[in-house]
Structure formats: structure tokens, C-alpha cells
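Chemist: based on what follows, work out the 3D shape:
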Amino acid sequence: MPQKFDVAIIGGGPGGYVAAIRASQLGFKAVLIEKDRVGGICLNWGCIPTKALLKSAELYNLIKRADEFGLKVGNFSFDFKKIIQRSRQVAERLTRGVEFLLKKNNVTKISGHGFILKPGLVGVKTNTDEIEIETNHIIIATG
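Modeler: From the prediction side, this is the model:
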């Protein structure tokens, strides 16, 4: 028996999760289907982690120039493992924020690969099962 939703969104990036939240705010019963992590490439692997890495590099370069600012800094170095760990933590914190917004706005999230079976019917292949979703509207937000 298929689950029923007013709107099914395939893709949990910035287009998909925003569409799901807005649909719910407008009174639609919404489901968001994402095969990996909500937030998309930019939040999880691209822009956001890269900006965190750049911030560490910027700080390192400023410390190297400390003398120009009248500051004395002894031996200093960097721990690349910690730098990478921090960039992942930044992305993880923002991903949890998106998940919180989905939950707060009563959006159902299904982890799996979504695909259209026919008009009004979406399939989702999860790690353990295959689900069918009956819906009035389908939004494809796969980037």
C-alpha cells in the first residue's frame, strides 16, 4: 500500500529542502526523498567545508605575519587532521540545522533513491526496502 502525500520532492539540496518546508508551511503534506545527506553538495562537500578550510589557511597566514602587527608568536604549526575535522564539523552542524527545520515543519524525510514510476507515483529504494509514494505533485530537485 503506497504512502500518501500531497507533494513528493526528490532531492534534498537547497532547492529540495526549501520546497519541502514551504509546501508544508502552505498546508501540504510533504515528503522529501534524499539518497545521502540533506543540504546538497555545497553544504556537505563543496562550498561550506571549503570555506572552513580557507578560514584555517587565512588564520595560519595571519599568524605567520604576526610580527607585522607587533605580536610575538613562538613556534607554531598546524594539524591537518584537525583542520579537516573542523571543516566536517561545520558541515555537520549545518546539516543538522536543515534536518531540524524539516522536522519542525513536519516534513517527512525518507533516505533513499527516489524515482518516478508513473504520474502520481514515486518509488524510493532504501537500503532495506522499496517504498511507493502516492502524490498529487512531484518536484524534481536533483541539482
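Chemist: how about the helices in this protein?
Modeler: Assigned by DSSP state H, the chain shows helices spanning 14-25, 40-44, 47-64, 80-104.
Chemist: residues near residue 91, how many?
Modeler: 23 (other C-beta atoms under 10 Å). To be clear about C-beta, it is placed using only N, CA and C from the backbone, and glycine gets the same treatment.
Chemist: my guess is it contacts residue 47. True?
Modeler: No - using C-beta atoms under 8 Å, residue 91 makes no contact with residue 47, being 9.6 Å away.
Chemist: circling back to that earlier point, which stretch among the helices of the chain comes nearest residue 143?
Modeler: For residue 143, the closest of the helices of the chain is helix 40-44, at 6.5 Å, according to C-beta to C-beta.
Chemist: which helices and strands sit right next to that closest one?
Modeler: Helices and strands touching helix 40-44, by 3 or more C-beta pairs under 8 Å, 6 or more residues apart in numbering; DSSP states H and E, are helix 14-25, helix 80-104.
Chemist: I'd like the mean pLDDT over it, please.
Modeler: For helix 40-44, mean pLDDT rounds to 94.
Chemist: could you do stretch 56-72 as well?
Modeler: Mean predicted confidence for stretch 56-72 is 95.
Chemist: equivalent analysis for stretch 115-133, please.
Modeler: Confidence over stretch 115-133 (mean pLDDT, whole number) is 96.
Chemist: so which bits of it are buried?
Modeler: For stretch 115-133, the neighbour count (16 or more other C-beta atoms under 10 Å) marks 122-124, 131, 133 as buried.
Chemist: just the terminal-to-terminal distance for it.
Modeler: Stretch 115-133 has an end-to-end distance of 10 Å (criterion: C-alpha to C-alpha, to the nearest Å).
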